[in-house]
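[1] I'd like to go over a predicted model; first the sequence, then the structure.
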Amino acid sequence: MTEAASYREIGVSRDGYVATVEMRRPPHNFFDSALVGEIGSAFEALDADPDCRAIVLAAEGRSFCAGADFSSRIETGSVAEGSRSPAGRHLYKEAIRLFRTRKPIVAAVHGAAVGGGLGLALVADFRVTCQEARFSANFNRLGFHPGFGLTVTLPRLVGAQQAALLFYTGRRIPGDEAVRIGLAELLVPQAEVRAAAQKLALEIAQSALLAVVSTRETLRRGLIDAIEAATERELVEQDWLRRTEDFREGIKAMADRRLPDFHGR
């Protein structure tokens, strides 16, 4: 196994034709523009590497990616990133880079994939997970609008009705339920998630790369345009919702580990 050029937020290695990009912000791998940008740079470098045929996206720590760290931002009075602020626009610009990756990606989801972390998991073509994992599009439960292109990627995977159910309730579903509804493809014991993801990536890598990339581009035709349009809409809606009392209550309720008490203002 070879280790690629050093990054601050991630590790990149390659074993034969399969590369692994590992998020290294344990325990929860909360994301921001810096983390997403480094993943984008790694994906672009692997796209240019002729010896890489498939990519595994994995993570250190307890969670795959628990989304944005809103609790710390409430404490500092800064909850702008992920909204229409310059930081939010930069974050979504970095996120779109991930969707432009040409080589197939398998996400090893061994723990929580929540909010934008779910969006990150859905960048991948396939997800390998376990019973202990938790998937949640919890934006509405926070008084917020979904982001990270999830208004496109989630219904594309599970259908409009299931996506609406997950959005409106913010419910957390375990790995077996994620597989049942098509949110993930493979359920294995937690200790085997990364190895199983790498095995699936190797199986893909044993097909002809030119043919895989060509087929993938056909299957994903129009996806980038749809995600760019969706993120513009998502940012506009997040901008005004971020200024509501409901959003402040949703974030506080999450920090207090209680049900929010929303009043529609």
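    Thanks, I have the structure now.

[2] can you give me the strands in the chain?
    Counting by DSSP state E, residue ranges of the strands within the chain are 2-3, 10-15, 18-23, 54-59, 105-109, 113-114, 126-129, 134-136, 173-174, 186-187.

[3] how about CSV for the ones you listed, with mean neighbour count and mean pLDDT added?
    C-beta here means a position set from N, CA and C on the backbone, and glycine is covered the same way. Output for these, formatted as CSV (neighbours: other Cβ atoms under 10 Å; pLDDT from 0 to 100):
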stretch, mean neighbour count, mean pLDDT
strand 2-3, 10, 60
strand 10-15, 18, 97
strand 18-23, 24, 98
strand 54-59, 27, 98
strand 105-109, 28, 98
strand 113-114, 28, 98
strand 126-129, 26, 98
strand 134-136, 23, 98
strand 173-174, 18, 98
strand 186-187, 18, 98
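
[4] quick one: closest of the ones you listed to Gln206.
    Closest approach to Gln206 among the strands of the chain is made by strand 54-59 (9.3 Å; Cβ to Cβ).

[5] list the strands paired with the closest one, with their directions.
    As defined by DSSP bridges, the strand partners of strand 54-59 come to strand 18-23 (parallel), strand 105-109 (parallel).

[6] TSV for those strands, including distance to Arg242?
    Formatted as TSV, the strands paired with strand 54-59 follow (distance: least, Cβ to Cβ, whole Å):
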stretch	distance to Arg242
strand 18-23	25
strand 105-109	28
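
[7] any weak-confidence spans in the protein?
    Judged by pLDDT under 70, the chain has its weakly predicted residues at 1-5, 71-88.

[8] how close does Thr215 sit to Arg265?
    Relative to Arg265, Thr215 is positioned 49 Å away (Cβ to Cβ, to the nearest Å).
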